[in-house]
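Student: from the sequence below, what's the structure:
(2 chains)
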There are 2 protein chains.
Amino acid sequence: MSDDALIVFTPSGKRGRFLLGTPVLQAARTLGVDIDSVCGGRAICGRCQVNVGVGEFAKHGITSSADHLSPISKVEERYDRLRGLSVGRRLSCQTKILGDIVIDVPPESQVHKQIIRKEADTRVIELDPCTRLCFLEVEEPDMHKPSSDLERVYRALKEQWQIEDLSCDLAILAQLQKVLRQGDWKITAAIYSRAPGGGNRLVAIWPGFHDTVYGLAIDVGSTTIAAHLTNLATGEIAASAGLMNPQIRFGEDLMSRVSYVMMNPGGEKEMTAAVREALNTLAGQVALQVGVSTNDILEVALVGNPVMHHLVLGIDPVELGGAPFALATGLPITCPARDLDFKINPGAWAYVLPCIAGHVGADTAGVVLSEAPHESDEIMLAVDVGTNAEIVLGSKRRLLACSSPTGPAFEGAQISSGQRAAPGAIERIRIDPVTLEPRYRVIGCEKWSDQPGFEEAIAAIGVTGICGSGIIEAVAEMYLAGIINQDGLVDGSLAARSPRIEPYKRTFNYVIREGEPRIAVTQNDVRAIQLAKAALYAGVRLLMDKLGIDEVGKIRLAGAFGSHIDVKYAMILGLIPDCPLDRVQSAGNAAGTGARIALLNSQSRDEIEAVVRRIEKIETAVEPMFQQHFVEAMAIPHKTAPFPNLSKKITLPVPKFVAPAEDGGGDRRRRRRS
Amino acid sequence: MSDDALIVFTPSGKRGRFLLGTPVLQAARTLGVDIDSVCGGRAICGRCQVNVGVGEFAKHGITSSADHLSPISKVEERYDRLRGLSVGRRLSCQTKILGDIVIDVPPESQVHKQIIRKEADTRVIELDPCTRLCFLEVEEPDMHKPSSDLERVYRALKEQWQIEDLSCDLAILAQLQKVLRQGDWKITAAIYSRAPGGGNRLVAIWPGFHDTVYGLAIDVGSTTIAAHLTNLATGEIAASAGLMNPQIRFGEDLMSRVSYVMMNPGGEKEMTAAVREALNTLAGQVALQVGVSTNDILEVALVGNPVMHHLVLGIDPVELGGAPFALATGLPITCPARDLDFKINPGAWAYVLPCIAGHVGADTAGVVLSEAPHESDEIMLAVDVGTNAEIVLGSKRRLLACSSPTGPAFEGAQISSGQRAAPGAIERIRIDPVTLEPRYRVIGCEKWSDQPGFEEAIAAIGVTGICGSGIIEAVAEMYLAGIINQDGLVDGSLAARSPRIEPYKRTFNYVIREGEPRIAVTQNDVRAIQLAKAALYAGVRLLMDKLGIDEVGKIRLAGAFGSHIDVKYAMILGLIPDCPLDRVQSAGNAAGTGARIALLNSQSRDEIEAVVRRIEKIETAVEPMFQQHFVEAMAIPHKTAPFPNLSKKITLPVPKFVAPAEDGGGDRRRRRRS
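Tutor: Okay, here's the model as predicted:
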């Protein structure tokens, strides 16, 4: 009988011969088979579970069976008793090879497992975190061979985990001796592998065995901040929370916050403190939801638009408020999380995705990482609409990006009855082209306004205004009903047909709902939407010109705007270029997904950094064609032919990135100033 | 006529041919000649000055003269007018080669200049700081080629200084945009090249040209903290200051501070805060002396004994208070200075020298770097005496180190009339062997006590006690005068000859001075000195055994003890092994000098780290021979023969590293407890 045996691992197909008695985990490591382990083969963590690959025997020419593994040992029995082991599962660290065998490594036992991002999404995130846990048995101090505790920890990392080139944070040094003694010289160490300059950094320690650590994926928006607590071992989102950005007390939108700093030098420090406090509140909330300590949060990945990016980093954003819109830095940032005042594990690291340009921020980099136009064969258009629209266009061959000053109309701001998407806001609307009567749906209510019981249903919340998707549908429906013409002019002659068309300061309103508040679309509102959609379209068109294309293969609409808008109306208004409807998708919170990818996959950071370097940055403000496209795109729907007849009737302002006027026409209730 | 010319640089001897019109600085760089420059050839910094090497022409076969350089330009004239240029000096960046020429680079124009450490010391420090200044002209932002300010700074560093692989501190990012605009796109950048993991780090920026930055070399002693503000470009000490270690309020000596933490868990945080505050006070004092901002301090190099080392780093030192005396870490530490709460330039870095073992700290590493036993052909003994004596013995072939528990007697503590070396303390003493009358000298007074006018001279300060060097001389003189015998016993029969021998509790005192306070040497004082000197000698002897040697080639006595002690008396008492008197030298504050070397020379950090790794660490507590040597060394002078007859009369305690007794016999005035 041979003293060795063949072992075949599935699904990798890796195979080799090993001496009888070799532990399966050891064979796997020798062959480079990806099996997870935190305890390093001590039957504590249970991460290294495998199955006997029953159905695979014949295929690999192996004729033998499960008794070619050592029987279930006392140690495995104990593990099963304490933590549970599914039928057929073995701990590969405790199981020895006794004959030819096929071993199947289930996905959950792989370090580099793939995570489905969400239902109905074929893209996956490959798990490859920058932080890993290692259980260690550390030598005790010996006066005959004096050495420091840290040196013996390093030696254990080298001998037990083959991890070298180590450095250590001061915060860890302060805990080290107590933790070693509490754990009776057994500790779990967290190693971070992406500190600037390279090497491996000892970032956290726990006495004894510590199973799970987390990372925070954060999207800092001007309005809301969202955080996802993500298990770094499984990739799963353990908890999510959102918060209004407390900077709102300094200014409703980005440019009013920049103005605040201009008016109050040093004001950026207040805003930085406010947003950092909010980040800590969120960290506390998500940790509480899962019932873990914030000390178990070891990483942060963060995205945000350029102004938010600068304010989180403590950089005065005033340069972003005027030409030439110079970022202090757009480079990716890897820094101790405590440098951003995070009150999580003191050794935690933060990663801030790169910005692309002065108006195209780390949030857009997140969208790129999530939607991956750089891997696409066909031309993809990715649009993230906020106060500005951030636009990325291209394919794996070439990528361009720009920002277009849509203004806040698409968010319902600077619209007479506008409001943020919140309960009470009209979000859907249809207008009967004959009667000109509207019917609409309100956020927080399932019924349409013409269904029985609607008024009772909305009595509690009321109908308070019209949100971004609502105003877009309203204008498009007004166009389809003939209330406005191609130039966006409200047809006053219709006042004879319907009382909903009412004169107002030499123009006409379309009244959607009487009551308190009274909700109407004014001529100015139509103009605001025209300006916004013209800016968006002009930005897209400019990039299409640069690429020399007339149509795009697919469109991704990111962010809240993209999630709420009905694509059909976006097409009717001409917000986006022509594209088969089924090729237009909402990308959800793609920026946040990008942050999560960066959190979970070390390589993805290299990837997005390289992609951002090669993205061609276009500044719309210096592109003469942008203005021309803008003028052309004012009409409804836009004129797609090159150099069509211009609409002569409207004198168009050149769009600028400026602070909205103080009296800003829009929803005054929300326009607070501190 | 040839269109190129020969240029020879002295003292390097480097030579090459260059096209006529080539600037001398450019030729020097091409040839790798070491010429300094901060402004990068813009005639601002004046660091690149050279002379025409008049006397050297013939030697190099060059027949021509100073008119083979371009005439003094307007730019040089302006520099001369504004900042002054010595006769014959040229700015090499402005001076062009017009014919064969010899150029002499004076030492002050070299980057790697050598600094004489102190008068009468042949060793030099080669200047090679980790931080360098670079004047930059940065491209302005251009909307046609959007890029961030930081990226353009990096580009300027690459193009103008060939510095790549850059990263940047958040603190710098927050200043960057303002500084660039204040300086009209001309800034001076400081680049630090030793951050963990490598690469170059942008650590500070100033608008326009900034000439000088500083580093702090710090020696944190248990009693005093000393700081030297050192010009990083010239290596000169610009200012020095010292301060009592404020931790004294938690305990007079090391072990009482460790006890404080044992009695008051978390007490290490108070001590860390106290010492860090003192470091900032010192930084402020030295900056004020020179009239510069603490913002101009860009580096810190720090040494200290293990307990001070741990407390500065924020590490609880209790493990150092008992066997096995495990350090949390002995590894060198490079960290942002702000992590140690330094309020200097926010981008400044700190370097803490490695510790050697649990009782042999970074201060001893500093002594090694300063005295360089690892470069010595003959065996060197370096001793730094404090509460413990830290001992290094060896040569370039092999080095050993240990710590020996001398107790604080050598510092005048636990001696009945003992006090710290300060005005009023007896520091020198002679005893007439016939009359047994003493004469002495007091710190702060030039006269001996038997000289006319002594009493008047000391009236203001008084004679307050006896310091470490005084008690050593007193005991040695008592032995030479026959007042004590070889075993240290006071000969009571002499009371008949002199009233200075007086009975006291079954033993006898030797009274040096009547008055208030009355100053005497008691039998217990003699015992304390015997214990201390026996411990010191036993430690040295143990290392000599390990090396297999019976004598040493040279001795360096470091620290205040080494500076004050009269070597002859150290020999008489048998503190140190036999060695020709002229081979025994005080090393001054060698630990602090070591810190200064580490501050000024990047390579020296690698050097001391490598040396510390290979030093053999001996723990006296587990060496049986240590106890035997200790017993033998109690006699005066020590018995040098192997295994001499032991002194049977004295029952010897085994020395331990313990906190001194509460009632500690010594100078009660200083024994405060909080």
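
Student: OK, contacts around A:L393?
Tutor: Residues near A:L393 by C-beta atoms under 8 Å, 6 or more residues apart in numbering or on different chains: A:373, A:379-382, A:399-401, A:540, A:543-544, A:547, A:552. Every residue, glycine included, has its C-beta placed from N, CA and C.

Student: ok, 7 Å please
Tutor: Shown in contact with A:L393 (C-beta atoms under 7 Å, 6 or more residues apart in numbering or on different chains): A:I379, A:L381, A:L400, A:V540, A:L543, A:M544, A:L547.

Student: phi and psi next, for it.
Tutor: When quoted as degrees, to the nearest 10, the phi and psi of A:L393 stand at phi -140, psi 140.

Student: quick check: bridge partners of it?
Tutor: In this structure, A:L393 has the following beta-bridge partners (DSSP bridges): A:L381, A:L400.

Student: measure it to B:R397 for me?
Tutor: As defined by C-beta to C-beta, to the nearest Å, A:L393 lies at a distance of 69 Å from B:R397.

Student: what's the answer for A:D3, then?
Tutor: 49 Å.

Student: the two: which has the busier surroundings?
Tutor: Set side by side, A:D3 and B:R397 show unequal neighbour counts under other C-beta atoms under 10 Å in any protein chain shown, the larger going to B:R397 at 10 against 7.

Student: quick one: which of the contacts of A:L393 is most hemmed in?
Tutor: Ranked by the number of neighbours (other C-beta under 10 Å), those place A:L543 first, at 27 neighbours.

Student: skipping adjacent residues, who's closest to that one in space?
Tutor: Using C-beta to C-beta, 6 or more residues apart in numbering or on different chains and skipping the chain neighbours, the partner closest in space to A:L543 is A:L393 (4.1 Å).

Student: and the gap between the one you found and chain B?
Tutor: When C-beta to the nearest C-beta, to the nearest Å is applied, the distance between A:L393 and chain B equals 16 Å.

Student: how about A:V392?
Tutor: Taken as C-beta to the nearest C-beta, the spacing of A:V392 relative to chain B amounts to 14 Å.

Student: tally of neighbours for the residue in the stretch 101-250 of chain A that chain B sits nearest to?
Tutor: In the stretch 101-250 of chain A, no residue comes nearer to chain B than A:G197, which is 2.1 Å away by C-beta to the nearest C-beta. The tally of other residues near A:G197 (other C-beta under 10 Å) stands at 16.

Student: I figured it hits B:S193, correct?
Tutor: No: here A:G197 does not reach B:S193: they are 10.9 Å apart, not a contact under C-beta atoms under 7 Å.

Student: could you pull out the strands for the stretch 451-600 of chain A?
Tutor: Ranges of strands within the stretch 451-600 of chain A are A:465-466, A:501-504, A:507-513, A:519-521, A:554-558, A:584-588, based on DSSP state E, counting those that start in this stretch.

Student: quick one: closest of those to chain B.
Tutor: Chain B lies closest to strand A:554-558 among the strands of the stretch 451-600 of chain A, at 21.2 Å (C-beta to the nearest C-beta).

Student: just how off-centre is that closest one within its chain?
Tutor: In this view, strand A:554-558 has its centroid 15 Å away from the chain centroid, taken as C-alpha atoms, centre = their mean, to the nearest Å.

Student: and it, what other elements does it pack with?
Tutor: Packing contacts for strand A:554-558, counted by 3 or more C-beta pairs under 7 Å, 6 or more residues apart in numbering or on different chains; DSSP states H and E, involve strand A:380-385, strand A:584-588, helix A:590-600.

Student: go again using 8 Å as the cut-off
Tutor: helix A:362-371, strand A:380-385, strand A:584-588, helix A:590-600 (3 or more C-beta pairs under 8 Å, 6 or more residues apart in numbering or on different chains; DSSP states H and E).

Student: got the angle for the last one vs helix A:362-371?
Tutor: Translated: helix A:590-600. Here helix A:590-600 points in a direction 70 degrees away from that of helix A:362-371 (axes from the mean of the first three to the mean of the last three C-alpha atoms, to 10 degrees).

Student: please name the nearest non-neighbouring residue to the spatially most central residue of chain A.
Tutor: The centre of chain A sits closest to A:G592, judged by C-alpha atoms, centre = their mean, with a distance of 1.1 Å. Taking C-beta to C-beta, 6+ apart as the measure, A:G592 lies nearest to A:D219, with 3.9 Å between them; neighbours along the chain are not counted.

Student: same question, A:Y537
Tutor: According to C-beta to C-beta, 6+ apart, the nearest residue to A:Y537 is A:A633 (4.1 Å).

Student: contacting residues for the spatially closest residue to A:G99 that is not a sequence neighbour?
Tutor: Counting by C-beta to C-beta, 6+ apart, the nearest residue to A:G99 once its immediate chain neighbours are dropped is A:H68, at 3.3 Å. Taking C-beta under 8 Å, 6+ apart as the contact definition, A:H68 lies against A:A5, A:I97, A:L98, A:G99, A:D100, A:I101.

Student: the first one: how many residues sit nearby?
Tutor: What that stands for is A:A5. 22.

Student: can you tell me the element it falls in?
Tutor: Using DSSP states H and E, A:A5 maps to strand A:4-10.

Student: in its sheet, which strands sit next to that strand, and in what direction?
Tutor: Strand pairing for strand A:4-10, using DSSP bridges, gives strand A:15-19 (antiparallel), strand A:101-104 (parallel).
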